[in-house]
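Enquirer: quick one, what's the 3D model for this:
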Amino acid sequence: QVQLVESGGGLVQAGGSLRLSCAASGRTFNLYALGWFRQAPGKSREFVAAIRWDGGRTLYAESVKGRFTISRDNAKNTVYLQMNSLKPEDTAVYYCAIGRSLTAIKSDYWGWGQGTQVTVSS
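Expert: I've put the predicted structure just below:
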C-alpha cells in the first residue's frame, strides 16, 4: 500500500509559478509510474502529466505542454510538478496518483492523494 500526500498549492497571479510536491510512503514507490491530475469546480478530473518509474519518459496534456514539467526523485519518494506561466484556467485541485504504467488514463491509476488547491488570479 502506498500513501500519497500533496503539497505546494496556493494562490498565484497569472504568469506566476508554483511547484507541487507529492511525497509517497511505501518501499515500492520506484516501481510505478506517477501522474498528476486536476479537477476544476463542476468539471471532471483530467490528466495533466505523468512520468515513468525511472523518470525516463514523460507525458503531458496539450494544455500544459511547454509550461509544466513533471519530475521525480526516487531516493526521496517524491514526484514534482513545476508549473510556470500559470493561467486562470489552471485553477483546480491537483492530485497525484500512482499507477502500473505510463498512461493518461485515469482508471489506470490505483492510488490517489487528497489533493492540493491551486488558484490562479487574473
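Enquirer: quick check: which ranges of this structure have low pLDDT?
Expert: Across the chain, nothing is flagged by pLDDT under 70.
Enquirer: and for I51, the neighbour number?
Expert: Counted with other C-beta atoms under 10 Å, the neighbours of I51 add up to 23. The way it works is simple: take the backbone N, C-alpha and C, and place the C-beta from them, glycine included.
Enquirer: and the gap between the residue nearest to L18 when sequence neighbours are not counted and Y32?
Expert: The shortest distance from L18 to any non-neighbouring residue, by C-beta to C-beta, 6 or more residues apart in numbering, is to M83 (5.0 Å). For M83, the distance to Y32 equals 22 Å [C-beta to C-beta, to the nearest Å].
Enquirer: returning to what we had before: pretty sure the residue nearest to L18 sits against S21.
Expert: No - the pair M83 and S21 fails to qualify as a contact (C-beta atoms under 8 Å) at a distance of 11.8 Å.
Enquirer: neighbour-wise, which of M83 and Y32 wins?
Expert: M83 (27 against 21).
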